[in-house]
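> The following comprises the amino acid sequence and a computationally predicted model.
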Amino acid sequence: MTSTVVVTGIGAVTPLGATAQETWQAALAGTSGAHTLDNDWAEKYELPVDFAATVAPGVVEERLKKVESKRLDPASRFALIASREAWEDAGSPDVEPERLAVSWATGIGGVWTLLDAWDTLKEEGTRRVMPLTVPMLMPNAPAAAVGMEFTARAVVQTVVSACASSTESLGQAFEMIRSGKADVVISGGAEAAVHPITLSAFSSMRALSRRTDSPETASRPFDVDRDGFVMGEGGATLILESREHAEARGATIYAEVAGWGTSNDSYHITAGEPEGAGSIRAMRTAIESAGIAPSDIKHINGHATSTPVGDIPESYAVNMLLGDAVDDVRFSATKSMTGHLLGGAGAAEAMFTVMALKERVAPPTINIETVDPDVHLNIVRDTPAQLPDGDIAAITNSFGFGGHNAVVSFRSV
């Protein structure tokens with residue numbers, strides 16, 4: 001017998017807010033988290049991009065003790081902050097450590113720790129390199145930090161599949177509960193990679209927007225004049241548990257995790273398959289495994305990065321999935337506000353999807369002036385859109401370098 005899986009807690013630290021609720025309210029208000037960076041990187045390294053969407057100054061210092069921050073890479077700090085909030089939001093479940101798991105994700109890992117250590121080695125020598133450098137930079141460090149914080153002894157795992165990472169981590173968490181391996185899973189993703197090396201590298205491949213004169217309008221998914229994504233940072237956590245376990249303790253339930261799907265394009269290391277063939281397979285698996293019909297879907301939070309080549313295949317795939325029902329589905333592209341959190345994006349967007357189902361409102365997509373004529377979606381623009389009453393479903397899409405596709409489906413409760 002398989003268990004029904006539900007979401008009972010959410011937490012986040014993003015460019016839109018220090019908490020999940022702050023982030024959600026800012027998204028509903030159509031707020032952009034992008035801004036010109038307060039540093040000399042562009043001048044010093046001759047970067048063509050001098051802006052990103054970053055977590056507000058002081059947030060980490062307010063939420064973590066100094067000794068905690070010193071021993072954690074920024075990605076792990078975001079993971080711990082978001083997970084503490086989600087755990088409290090879920091009512092601090094009373095669960096045996098052997099029945100508690102962590103399924104976490106990152107796309108890049110501890111880039112700040114690695115490069116800071118390299119600078120220290122070059123400038124000050126071996127003796128000045130921190131002993132905890134490797135435990136801080138390893139990709140599983142955020143998962144380990146969360147696991148130790150809550151004494152999770154069932155499974156503590158890390159998914160690394162580029163920008164699909166944290167959506168895949170949610171799918172893995174779903175499977176843990178469905179299979180009976182855990183009663184509660186702390187799941188999500190975090191990224192802290194706003195650094196000169198990543199800005200330079202993404203700029204070199206022409207993936208980043210170069211609207212330096214207007215950072216807040218730079219991320220414009222599906223717009224005819226889109227020119228790339230905006231780098232973002234942060235993390236988000238969802239607490240997943242069996243419905244039986246949640247109801248037994250009187251927990252608030254946000255939504256049901258209904259199913260999930262993955263696929264791979266095996267087409268190109270950075271570009272997705274141009275007709276969306278891999279994306280449609282992942283989406284179809286996510287709804288078929290849940291017993292959801294295309295007509296049940298009323299909301300999609302899209303991957304929608306605002307790249308010239310990335311947005312069109314997603315539109316094709318959604319239309320192939322939904323057919324004539326596509327006009328009834330409210331499509332949101334929240335990266336227009338948060339920027340692209342890379343390995344943390346899927347978790348943040350899953351949180352938005354859960355909140356959309358709970359409150360029956362789809363967040364807006366900002367900055368669209370003229371929709372690309374090749375895009376045929378019912379995009380929520382500028383202001384939130386109401387979702388219908390009754391039993392409805394939603395999906396969230398994530399597609400990553402390496403051809404990774406991951407989709408999670410949710411039902412209202």
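Yep, that arrived.

> For A258, which residues are in contact?
290-292, 393, 409-411 (Cβ atoms under 8 Å, 6 or more residues apart in numbering). Yep, even glycine has a C-beta here, placed from its N, CA and C like the rest.

> how is this structure carved up into domains?
Using automatic domain parsing, the domain parsing of the chain gives 5-248, 259-411.

> quick one: low-confidence parts of the stretch 251-400 of the chain?
Nowhere does the stretch 251-400 of the chain drop to pLDDT under 70.

> Give the burial count for V354, as a bare number.
Neighbours of V354 under the rule other Cβ atoms under 10 Å: 26.

> mind checking which helix or strand it is in?
Per DSSP states H and E, V354 falls inside helix 345-359.

> Neighbour count, distance to H340 and secondary structure added to the contacts of A258, as a markdown table?
Shown next, in a markdown table, are those (neighbours: other Cβ atoms under 10 Å; distance: Cβ to Cβ, whole Å; DSSP: H, G, I helix; E, B strand; the rest coil):
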| residue | neighbour count | distance to H340 | secondary structure |
| --- | --- | --- | --- |
| A290 | 21 | 27 | coil |
| G291 | 12 | 32 | coil |
| I292 | 20 | 27 | coil |
| A393 | 27 | 25 | strand |
| S409 | 28 | 22 | strand |
| F410 | 33 | 22 | strand |
| R411 | 20 | 27 | strand |
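
> pLDDT value on the closest residue to V257 other than its chain neighbours, please?
Once flanking residues are discounted, V257 sits nearest to V5: 4.3 Å by Cβ to Cβ, 6 or more residues apart in numbering. We have a pLDDT of 98 for V5.

> Kindly provide the distance from V5 to A182.
According to Cβ to Cβ, to the nearest Å, V5 and A182 sit 10 Å apart.

> quick one: which of these two has more around it?
A182 (29 against 25).

> Enumerate every residue touching the more buried one.
Neighbouring residues of A182 by Cβ under 8 Å, 6+ apart: 99-101, 154-155, 176.

> same deal with H245?
Here H245 is in contact with 93, 95, 183-184 (criterion: Cβ under 8 Å, 6+ apart).

> Just the element for it, please.
Here H245 is assigned to helix 243-248, by DSSP H and E.

> gap between that helix and the chain center?
26 Å (Cα atoms, centre = their mean, to the nearest Å).

> Could you do stretch 243-262 as well?
Using Cα atoms, centre = their mean, the offset of stretch 243-262 from its chain centre is 19 Å.

> gap between the two ends of it?
Terminal residues of stretch 243-262 lie 24 Å apart, using Cα to Cα, to the nearest Å.

> How many neighbouring residues does A56 have?
A56 sits with 16 neighbouring residues when counted by other Cβ under 10 Å.

> Phi, psi for the residue nearest to it when sequence neighbours are not counted please.
Leaving aside its sequence neighbours, A56 sits nearest to A18 (Cβ to Cβ, 6+ apart; 6.7 Å). Note on A18: backbone dihedrals following degrees, to the nearest 10 are phi -80, psi -10.

> Give me the most central residue, this protein.
Centroid-nearest residue in the chain, with Cα atoms, centre = their mean: A345, separated by 2.1 Å.

> M136 versus that one, what's the distance?
Using Cβ to Cβ, A345 is found at 22 Å from M136.
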